[in-house]
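**Q** give me coordinates for this.
(2 chains)
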There are 2 protein chains.
Amino acid sequence: MAPLRYLSARLAQQIDEELMGPLGAFSLDQLMELAGLSCAQAVERVYRRDKYPRVLVCCGPGNQGGDGLVAARHLGMFGYQPTIYMPKPGSKDHYKRLQSQCDNMKIPTLPPSNELEPLQSALRSSDLILDAIFGFSFQGPIRAPFDSALPLIAQSGLPIVSVDIPSGWHVEKGNAEGASPLNPDVLVSLTAPKEGVKGFKGRHFLGGRFIPKALEEKYELNLPPYPGSDQIVELPYVEPSETQTQKM
Amino acid sequence: MAPLRYLSARLAQQIDEELMGPLGAFSLDQLMELAGLSCAQAVERVYRRDKYPRVLVCCGPGNQGGDGLVAARHLGMFGYQPTIYMPKPGSKDHYKRLQSQCDNMKIPTLPPSNELEPLQSALRSSDLILDAIFGFSFQGPIRAPFDSALPLIAQSGLPIVSVDIPSGWHVEKGNAEGASPLNPDVLVSLTAPKEGVKGFKGRHFLGGRFIPKALEEKYELNLPPYPGSDQIVELPYVEPSETQTQKM
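**A** Numbers count the residues shown, from 1 in each chain, chains lettered A, B, ... in the order given. Next up, the predicted model:
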């Protein structure tokens, strides 16, 4: 079987647009719902809620943060005790609705601010981090308050599950230059993994089980089969040299 | 623990409105996505895709049909071979998008028509029925072409999974008067079961895992816990007399 394709930032963006264009016809609400659900399912698969009940869900201001809010809500439904760290709430309507949904689930959110004390305090009373700060449209540099928040998160020693791409990593070059202090234990790639996570050594899941066959074939994604009705599939470790790179 | 509440049509409608109002803040797209996913998950739980690959998904023109279209798409993702019977396609924009999503998945749809021959032919080459024709807003009588289609579906002898309420059953009185020929093997109640399915003797699942605690408490739904990250939970058989009826 042809190897799984790893996406450039541009191709990831293009596939996202196709999913909401004629070849997909999805709404952003649908895609985020399934993406966030798959992140929550990956957390549940690796970190049992009786041992890791308190999940600090760290959300950026963009669609990545939206996935985090959806995941936080589902984690609440699964019986975890999520708390949201979202120092720069997104301004778009769908982001605000996702926030309201979490509020309605009585999921606490730290006060939005550039101050670090609330984050430090929350880290001391968490068992696990879900990192949904920056996604495939991140271009750096890391701005305040995230430039200070990422080191604190890394230094907490808590296990980290990153959504799509670890925050601060370059989407294509990864973290070779060490721009990000994050080195997550688990990664949930959405739709298809990005070039920058080739050779990722932690547990790696693929989520976002919504790619129509026509789209998969057009971009030669070579996605692996998902088991049963699961919204995630675990990916084996592959050497960077074994992976197919972006050609389109 | 207080018994699970069974809903009247009016209360089911009210809870649906609350889910999209301030207490829920959900969009219809999100609710349908999760409801349809839970239906597909129930099919996958009971009818293995290697033994029952060909699922005829029967959709009405309303939101129930929309749930069916979402389920059909997920069944396609799960490796089943769904076909859609939708003689009266819904006219709303979100319904049309759900149709396009199925088209993009290359899921075939029988030509919309009142003629019965395509349905008869499809029944002969199906292994399983997913009944998403009428939901909790159905008030009867059963109109063409469903007045003829339901008996054909029942007479096919194929196993039937019904969404929310078996089509043609009275939402509160059930099928005591025999208005519907359908007697499904599996039922997937959404958000909470309806009064008319008290004493349902087949396998009964609850799906639609998105009710905020505040809403659950306001309506004293007493929902059972869902296992892990599943979108469904199987309900035990309860005698009609054991169940709590609608008081509000």
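**Q** count the neighbours of the closest residue to A:Ile129 other than its chain neighbours for me.
**A** In this structure, A:Ile129 finds its nearest non-sequential neighbour in A:Ile160, 4.5 Å apart by C-beta to C-beta, 6 or more residues apart in numbering or on different chains. The C-beta positions use only the backbone N, C-alpha and C, and glycine is treated the same way. The burial count assigned to A:Ile160 is 23, neighbours taken as other C-beta atoms under 10 Å in any protein chain shown.
**Q** so which residues of chain A form helices?
**A** Taking DSSP state H, the helices of chain A run over residues A:9-19, A:28-46, A:63-77, A:93-104, A:117-124, A:146-155, A:213-218.
**Q** tell me which residues touch the residue nearest to A:Ile129, please.
**A** A:128-129, A:131, A:153-154, A:166, A:182-186 (C-beta atoms under 8 Å, 6 or more residues apart in numbering or on different chains).
**Q** ok, of the residues you listed, which one's closest to A:Ala9?
**A** Closest to A:Ala9 out of the contacts of A:Ile160 is A:Pro166 (14.4 Å), distances taken as C-beta to C-beta.
**Q** what's the neighbour count on the closest one?
**A** Quick note: A:Pro166 (other C-beta under 10 Å) scores 25 neighbours.
**Q** nearest residue to the one residue sitting closest to the centre of chain A in space, ignoring adjacent ones along the chain?
**A** Note on chain A: the residue nearest the mean C-alpha position is A:Val163, at 1.4 Å, using C-alpha atoms, centre = their mean. Of all residues not flanking A:Val163 in the chain, A:Ala132 sits nearest, at 4.4 Å (C-beta to C-beta, 6+ apart).
**Q** contact partners for that neighbour?
**A** Per C-beta under 8 Å, 6+ apart, neighbours of A:Ala132: A:39, A:57-60, A:64-65, A:67-69, A:71, A:163.
**Q** repeat for A:Arg203
**A** A:46, A:185-187, A:234.
**Q** same question for A:Phe26.
**A** With C-beta under 8 Å, 6+ apart, A:Phe26 has these contacts: A:19-20, A:210, B:97, B:101.
**Q** out of these, which comes closest to A:Ile84?
**A** Closest approach to A:Ile84 among these (C-beta to C-beta): A:Phe210, at 24.7 Å.
**Q** and for the nearest residue to that closest one once chain neighbours are set aside, the neighbour number?
**A** Spatial nearest neighbour of A:Phe210, excluding adjacent residues (C-beta to C-beta, 6+ apart): A:Leu34 at 5.3 Å. A:Leu34: 24 surrounding residues under other C-beta under 10 Å.
**Q** A:Leu34 against B:Leu34, yeah?
**A** No. Under the criterion of C-beta atoms under 8 Å, A:Leu34 makes no contact with B:Leu34, lying 9.1 Å away.
**Q** distance of A:Ala12 relative to chain B?
**A** Counting by C-beta to the nearest C-beta, to the nearest Å, the gap from A:Ala12 to chain B is 19 Å.
**Q** just A:Gly66 next, same as before
**A** A:Gly66 is 12 Å from chain B, by C-beta to the nearest C-beta.
**Q** which bits of chain A sit near chain B?
**A** Counting by C-beta under 8 Å from any C-beta of the partner chain, the residues of chain A lying close to chain B are A:22-27, A:29-30, A:33-34, A:37, A:40-41, A:44-45, A:74, A:77-79, A:94, A:97, A:100-101, A:103-106, A:209-210, A:212-215, A:225-226, A:228-229.
**Q** hmm, back to that, so what's the residue nearest to A:Val163 bridging to?
**A** A:Cys59 (DSSP bridges).
**Q** tell me which residues touch the nearest residue to A:Leu130 once chain neighbours are set aside, please.
**A** Spatial nearest neighbour of A:Leu130, chain neighbours left out: A:Val57 (4.5 Å); criterion: C-beta to C-beta, 6+ apart. A:Val57 makes contact with A:68-69, A:71-72, A:75, A:82-85, A:130, A:132 under the criterion C-beta under 8 Å, 6+ apart.
**Q** from the residues you listed, which is closest to chain B?
**A** Nearest to chain B out of the contacts of A:Val57 is A:Leu75 (C-beta to the nearest C-beta; 9.1 Å).
**Q** helices and strands of chain A: which one bottoms out on pLDDT?
**A** Every helix and strand in chain A was compared by mean pLDDT, DSSP states H and E; the lowest is helix A:213-218, with a mean of 93.
**Q** from B:Glu33, how far off is the residue nearest to A:Asn175 when sequence neighbours are not counted?
**A** For A:Asn175, ignoring the flanking residues on the chain, the nearest one in space by C-beta to C-beta, 6+ apart is A:Trp169 at 4.6 Å. Noted for A:Trp169: a distance of 29 Å to B:Glu33, by C-beta to C-beta, to the nearest Å.
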